[in-house]
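>>> pasting the sequence and the predicted coordinates here, then a few questions.
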Amino acid sequence: MAKRTSVHGLWSTRLAFILAAAGSAVGLGNIWRFPYIVGENGGGAFVLVYLACVLAIGLPIMMSEIMLGRRGRRSPINTMRLLSEEESGSKYWQLVGWMG
């Protein structure tokens, strides 16, 4: 496998990347407003189910996107195209990149 170089910039530190990813994934309304309004209206149990779903679904998806980005060093569409060519898969895998 040939070494790939990124056409994009690099993060200054690992902490900067983690904070940027967390900030873009979570959002302020998701942290404060949603649980407050749901709890105020008697839906505290729903908040627990919601947080469990975020952890069970959102975290693995974010981790897979990060791993694909580190491996491909390109846009999501071009990364999926490149990886499907390397693994001799279908060319339609680039549609997964478009969906992202």
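Thanks, I have it. Residues are numbered from 1 along each chain as shown.
>>> the residue nearest in space to the middle of the chain and residue 90: what is the separation?
The centroid of the chain falls nearest to residue 62 when counting by C-alpha atoms, centre = their mean (2.8 Å). From residue 62 across to residue 90, the span is 25 Å (C-beta to C-beta, to the nearest Å). Yep, even glycine has a C-beta here, placed from its N, CA and C like the rest.
>>> do the same with residue 98
14 Å.
>>> contacting residues for residue 95?
By C-beta atoms under 8 Å, 6 or more residues apart in numbering, residue 95 lies in contact with residue 80.
>>> where's it, which helix or strand?
Assessed by DSSP states H and E, residue 95 sits inside helix 94-99.
>>> got it, and residue 60?
Going by DSSP H and E, residue 60 is in helix 59-72.
>>> for that helix, buried residues please.
68-69, 72 (16 or more other C-beta atoms under 10 Å).
>>> and the following helix or strand past that helix, how far out from the chain's middle?
Once helix 59-72 ends, the next helix or strand along the chain (criterion: DSSP H and E) is helix 76-86. In this view, helix 76-86 has its centroid 17 Å away from the chain centroid, taken as C-alpha atoms, centre = their mean, to the nearest Å.
>>> in helix 76-86, which residues are buried?
Buried residues in helix 76-86, counted by 16+ other C-beta under 10 Å: 76-77, 79-84.
>>> check stretch 93-100 too.
93-94, 97.
>>> can you check stretch 49-57 too?
So, applying 16+ other C-beta under 10 Å, stretch 49-57 has no buried residues.
>>> could you give the mean pLDDT of it?
Averaged across stretch 49-57, the pLDDT comes to 87.
>>> and what of stretch 16-28?
Stretch 16-28 comes out at a mean pLDDT of 79.
>>> distance-wise, check the nearest residue to residue 62 once chain neighbours are set aside relative to residue 50.
Nearest non-adjacent residue to residue 62, counting by C-beta to C-beta, 6 or more residues apart in numbering: residue 25, 6.1 Å away. Noted for residue 25: a distance of 15 Å to residue 50, by C-beta to C-beta.
>>> picking up where we left off before, the residue nearest to the centre of the chain against residue 21, yeah?
Yes: if you go by C-beta atoms under 8 Å, residue 62 and residue 21 touch, sitting 6.9 Å apart.
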